[in-house]
Each structure stands twice: as structure tokens, then as C-alpha cells.
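[1] Okay, predicted coordinates and the sequence, questions at the end:
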Amino acid sequence: MVIPSKSTTRTVLTVTLEHSKNGIWVEIESWTNSGSGLASISLTGKRYVARGTYRVVVNAKVYDTSSGELLEDVSYTTSKKTY
């Protein structure tokens, strides 16, 4: 969950599932949600996967609603998980 700190912002939250194929991370599916102002943003997604190695990348971008300027861009990548 992402909670913006200013009412004049728009936040875009993206969660991406990636699969390791020959040592290269390939996007399998991505989910996005956004919100304006001080509203919290959450996101859920479900995907059944075959055997292999996976990770999830979470990205939050915060924009100023009046100028469109990107104020913050934060990403987090989970550790890989093999099934």
C-alpha cells in the first residue's frame, strides 16, 4: 500500500511479475493502479505459474498534478523464488 503525503499529487503503483529465462528477467504480467491526492493505493494480482524462478518488481511514481512533473520514482525488487 502507498499513502501519498500531499493532496496535489497523483501516484501510480505498478507491480510486475518476472520470470528468469536463461539468466534474463522477462516480464510475465503487470498490474497497475493509481490515485490522486491523499487517498491510499493498494493493488492485488494473481497469476498461476509453471516451475521456474520468479521475482516481483514494485514501482511507485508520484507526479505533481498541476505541472505533471515526476516528483518521486521508487522501486523495490523482491528476492528470487524458485518453484
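    Alright, I've got the coordinates.
[2] contacting residues for the residue nearest the centre of the chain?
    With distances taken as C-alpha atoms, centre = their mean, the residue of the chain nearest its centroid is residue 14 (2.6 Å). Residues touching residue 14, when contacts are defined by C-beta atoms under 8 Å, 6 or more residues apart in numbering, comprise 30, 31, 32, 58, 59, 60, 61. Glycine gets a C-beta too; all of them are placed from N, C-alpha and C.
[3] how does it look with 10 Å?
    Applying C-beta atoms under 10 Å, 6 or more residues apart in numbering, we find residue 14 in contact with 30, 31, 32, 33, 34, 43, 57, 58, 59, 60, 61, 75.
[4] So what sits opposite it in the bridge?
    Counting by DSSP bridges, residue 14 is bridged to residue 32, residue 59.
[5] With residue 75 instead?
    Taking DSSP bridges as the rule, residue 75 bridges to residue 59.
[6] neighbours around it, how many?
    By the criterion of other C-beta atoms under 10 Å, residue 75 has 11 neighbours.
[7] re earlier: present the contacts of residue 14 as JSON lines; the columns should include distance to residue 68 and pLDDT.
    Conversion of the contacts of residue 14 to JSON lines gives the following (distance: C-beta to C-beta, whole Å; pLDDT from 0 to 100):
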{"residue": "30", "distance to residue 68": "22", "pLDDT": "95"}
{"residue": "31", "distance to residue 68": "23", "pLDDT": "95"}
{"residue": "32", "distance to residue 68": "18", "pLDDT": "94"}
{"residue": "33", "distance to residue 68": "19", "pLDDT": "93"}
{"residue": "34", "distance to residue 68": "14", "pLDDT": "92"}
{"residue": "43", "distance to residue 68": "22", "pLDDT": "83"}
{"residue": "57", "distance to residue 68": "24", "pLDDT": "97"}
{"residue": "58", "distance to residue 68": "23", "pLDDT": "95"}
{"residue": "59", "distance to residue 68": "18", "pLDDT": "96"}
{"residue": "60", "distance to residue 68": "17", "pLDDT": "93"}
{"residue": "61", "distance to residue 68": "12", "pLDDT": "94"}
{"residue": "75", "distance to residue 68": "20", "pLDDT": "97"}
